[in-house]
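*Asks:* build the 3D model from these lines:
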Amino acid sequence: MSAPARSTPHCARPCSRPISHATPVTPPPPSTSARPSVGINTSSHGADRRRSAQRCELAGEGVELARQLAALLPREPEAAGLAALLELHHARAAARFDSWGRIVLLEQQDRRLWDGAAIERAALRLRAAVRQGRPGPYQVQAGIAALHALAASYDATNWADVRALYDRLYALDPSPVVLLNRAVATRYAVGPAPALDEVDAVGDRLAGYHLWHAARADLLATLDRPGEALTAAERALELATNPAERELMSRRVGELRRRL
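*Replies:* Below you'll find the model as predicted:
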């Protein structure tokens, strides 16, 4: 999926979220103590740019809450994993939208806008958590986010490792959304045809999820099947409710129509 090349920080101060990547990971059910910071951070990164300043501040509060939780529970590696996960997502906030308020996908983001110091701190926090030897979903998700954040470029991402971590995450949280994210990694680690097979394999469980249709659209377009890709992209647009995501899918639909 193409994304605007022009980007400027709409949250310039470190309001210190591949997704997600732009790749969607649905977190596993958090513990009672972790739930508030997850909720704050999730709500703050799904909004459009018109409320970005407020949302960025809210995201910063979520990160700070997660840090406090990790400090209160130093022997709980999942608390540290959660804090690292939110820090890694939030370190990329300034590159997530362009100057027109449109979503910039991970592969198109200007990494110079990322908060490199925050990424390094989060990576150190995660390493310390992993050394405790009690893996959990937040640590694995943070590991995936770290592979993206520490890569020199999108193409330089170690997609085989990303895919392997999704396997570990699925063992801890057997969700079809995890498998959908794994399929995105498969596209780059193995190829688009096997990735499409993986996406289709979870279709019975994700047919009402707009990002499942968006992933199919991208893979079908890559495989030079523009008609099918257009149908999938149109369905993704129908299902999307977030204004920024609808704008992104609308552009994608227009691109695919021009290919026919």
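*Asks:* distance of residue 78 from residue 214?
*Replies:* Noted for residue 78: a distance of 30 Å to residue 214, by Cβ to Cβ, to the nearest Å. C-beta: built from backbone N, CA, C; applies to glycine.
*Asks:* burial count for residue 116?
*Replies:* Other residues within reach of residue 116, judged by other Cβ atoms under 10 Å, total 12.
*Asks:* distance of it relative to residue 126?
*Replies:* Taking Cβ to Cβ, one finds residue 116 at 16 Å from residue 126.
*Asks:* also residue 157?
*Replies:* For residue 157, the distance to residue 126 - Cβ to Cβ - is 17 Å.
*Asks:* neighbour-wise, which of these two wins?
*Replies:* Taking neighbours as other Cβ under 10 Å, residue 157 and residue 126 compare with residue 126 leading, 24 against 21.
*Asks:* find the nearest non-adjacent residue to that one, please.
*Replies:* residue 84 (4.1 Å; Cβ to Cβ, 6 or more residues apart in numbering).
*Asks:* touching, the one you found and residue 123? I think so.
*Replies:* Yes. In this structure residue 84 lies within contact range of residue 123 using Cβ atoms under 8 Å: 7.4 Å.
*Asks:* neighbour-wise, which of the two wins?
*Replies:* residue 84 (31 against 19).
*Asks:* so what's that one up against?
*Replies:* 122-123, 125-126, 129, 138-139, 142, 145-146 (Cβ atoms under 8 Å, 6 or more residues apart in numbering).
*Asks:* ok, the residues you listed vs residue 200, which is closest?
*Replies:* Proximity of the contacts of residue 84 to residue 200 was ranked by Cβ to Cβ; the top entry is residue 145 with 26.5 Å.
*Asks:* surely that closest one and residue 86 touch.
*Replies:* No. Counting by Cβ under 8 Å, residue 145 does not reach residue 86; the two are 9.2 Å apart.
*Asks:* touching both of residue 84 and residue 123, which residues are there?
*Replies:* residue 146.
*Asks:* and the pLDDT for the residue nearest to residue 126?
*Replies:* For residue 84, the model assigns a pLDDT of 98.
*Asks:* where does the stretch 101-250 of the chain dip in pLDDT?
*Replies:* Low-confidence segments of the stretch 101-250 of the chain (pLDDT under 70): none present.
*Asks:* just the helices in it please.
*Replies:* 116-130, 137-150, 159-172, 176-189, 192-201, 203-206, 210-222, 226-239, 243-259 (DSSP state H, counting those that start in this stretch).
*Asks:* just the buried residues of the third one, please?
*Replies:* Translated: helix 159-172. 159, 162-166, 168-170, 172 (16 or more other Cβ atoms under 10 Å).
*Asks:* TSV for those, including distance to residue 72?
*Replies:* Shown next, in TSV, are the buried residues of helix 159-172 (distance: Cβ to Cβ, whole Å):
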residue	distance to residue 72
159	36
162	31
163	34
164	32
165	27
166	30
168	27
169	25
170	30
172	23
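*Asks:* quick one: which of these is nearest residue 189?
*Replies:* residue 159 (3.9 Å).
*Asks:* ok, that closest one to residue 242 distance?
*Replies:* From residue 159 to residue 242 the distance is 27 Å (Cβ to Cβ).
*Asks:* ends of stretch 84-97, what's the gap?
*Replies:* Distance between the two ends of stretch 84-97: 22 Å, counting by Cα to Cα, to the nearest Å.
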